[in-house]
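Trainee: Predicted model follows, preceded by the sequence.
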Amino acid sequence: MSKEMLETKYDIPPEIRNQVTVTTLDKVYNWGRRNSIWPMMFGLACCAIEMICTAASRYDLARFGMEVMRPSPRQSDLMIVSGTVTKKMIPTIVRLYNQMSEPKYVLAMGACASGGGPFKEGYNVVSGVDKYIPVDVYIPGCPPTPQALLHGLVSLQRRIDAQSIPQTRWYNKEDSGEAIPIPVLGPDLMDPRQYEQIRKYSLEKAAREKAVAEAATAGEPSATPTH
Ligand code: SF4
């Protein structure tokens, strides 16, 4: 048990100090969770190489209880989005996110995952994974170093420390935790949540084009000579 947990503001008799402690359920619960985060084992681009380095011996993720990278979303607490998020990949990322069980967290590693990076506005790139799934921690850099990733992971631990059981979304009955609609890749990427907006825009555009075509037809000089 950490020194921090043994320290308490309550007055404990000196003879049982260091043997008994008084703490909150939130603190014990969060202490267990923050030190056993299992990241999902997947990478998207060059940032993934830095993530792999972070897990190797020099930086050693095991110090944080995070070395058990899982190949299944059902066993993972943390999705590290390490690399460029393409339009082709985002449906799979959203599906994997939906398949993770609560409590779950997302860490956007690097400029690409955070906002599109050097490929922002590219025809095939999503300008940040947070357009589709909620992100808890962003790490800047292209690529971020293993130290930067470790800093992001420690930031996530601090975020977990601040959570309280009554407020967490996975125990909140009103927040049903519905799955995020999976984007559809057709001629371009479409978010099912924006279908109504897209339909409205398309109808307005078609009406505008029709009006322009009718006005052009009405103002056209007659093709047949009138003499
Ligand atoms: S942020 Fe830089 S290093 Fe990371 S995936 Fe994008 S281009 Fe590669």
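Mentor: In hand now; what should we look at?
Trainee: Quick one: mean pLDDT over the strand or helix carrying R208.
Mentor: According to DSSP states H and E, R208 maps onto helix 195-218. The average pLDDT for helix 195-218 rounds to 92.
Trainee: For I139, which residues are in contact?
Mentor: L107, A108, M109, G110, S114, A148, L149, H151, G152 (CB atoms under 8 Å, 6 or more residues apart in numbering). (C-beta placed from N, C-alpha, C; glycine too.)
Trainee: for the closest residue to it other than its chain neighbours, helix, strand, or coil?
Mentor: Closest residue in space to I139, ignoring its immediate chain neighbours: G152 at 4.2 Å, by CB to CB, 6 or more residues apart in numbering. Using DSSP: H, G, I helix; E, B strand; the rest coil, the structure places G152 in helix.
Trainee: Number the chain from 710, please
Mentor: Happy to do that; since the first residue is 710 now, the last one works out to G861.
Trainee: count of neighbours near G861?
Mentor: 22 (other CB atoms under 10 Å).
Trainee: domains in this protein, as residue ranges please.
Mentor: Partitioning the chain according to automatic domain parsing yields domains covering residues 712-889, 895-928.
Trainee: Dump these into a markdown table; add distance to the ligand as well.
Mentor: A markdown table is the format used below for those (distance: least, CB to the nearest ligand atom, whole Å):
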| stretch | distance to the ligand |
| --- | --- |
| domain 712-889 | 3 |
| domain 895-928 | 18 |
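Trainee: Identify, out of those domains, the most deeply packed stretch.
Mentor: domain 712-889 (a mean of 16; mean count of other CB atoms under 10 Å).
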